[in-house]
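*Asks:* heads up, no residue letters with this:
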């Protein structure tokens, strides 16, 4: 029914046990590979820099933002918002870890690490869209036009940004796999 991916099959049988590997493969193809495959193949990053440089900038920015965001999460813990603060810190540490994996994959030219970041960000993108929809609905319930407009614009900008960074890293990953990169930076 599907082309058998040996990496997925071995992971499915060793980690999941009795789950049919085609189910894991189908889920992977539907979620991540479906979105990632539909994104455009870019030739350069913003401001004309190479995809490799753009991917490294994205990784470094995620690391810097994650470190700063952890302090924000800790300050909300101190202010008394325990559960939201803990969840925020855990998610931020996970984003930081994935950015480190991306950075290692880029500097060592290991496509498996870059693909891992792509899959995580695909999942993160879907979670972001879900939360953005909930934010828009919450803003609509308030019947405050300024809140609705601000929430919709913020959600759309966040979605476009996420799709763009995934496109940049995906394009560089494709170049790494095809050997058509533009050299080391």
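*Replies:* In hand now; what should we look at? In this text the structure is predicted, and so the values were computed from the model without any measurement.

*Asks:* and stretch 78-85, what's its mean pLDDT?
*Replies:* On average, the pLDDT along stretch 78-85 is 75.

*Asks:* what does that stretch rub up against?
*Replies:* Contacts to stretch 78-85, defined as C-beta atoms under 8 Å, 6 or more residues apart in numbering, come from residues 73-74, 76-77. The C-beta positions use only the backbone N, C-alpha and C, and glycine is treated the same way.

*Asks:* Swap in 6 Å and give it another go.
*Replies:* Stretch 78-85 is contacted from outside by 73, 76-77, using C-beta atoms under 6 Å, 6 or more residues apart in numbering.

*Asks:* Tell me which residues of it come out buried.
*Replies:* Buried residues in stretch 78-85, defined by neighbour count with 16 or more other C-beta atoms under 10 Å: residue 85.

*Asks:* tell me how far that stretch is from the chain's mean position?
*Replies:* Its chain's C-alpha centre and that of stretch 78-85 lie 25 Å apart, by C-alpha atoms, centre = their mean, to the nearest Å.

*Asks:* which among the contacts of stretch 78-85 gets closest to residue 168?
*Replies:* Proximity of these to residue 168, judged by C-beta to C-beta, is greatest for residue 73, which lies at 26.9 Å.

*Asks:* That closest one contacts residue 89, doesn't it?
*Replies:* Yes - under the criterion of C-beta atoms under 6 Å, residue 73 makes contact with residue 89 at 3.9 Å.

*Asks:* ok, back up a step: scan the contacts of stretch 78-85 and report the most crowded one.
*Replies:* Greatest neighbour count in those, by other C-beta atoms under 10 Å, goes to residue 73: 20 neighbours.
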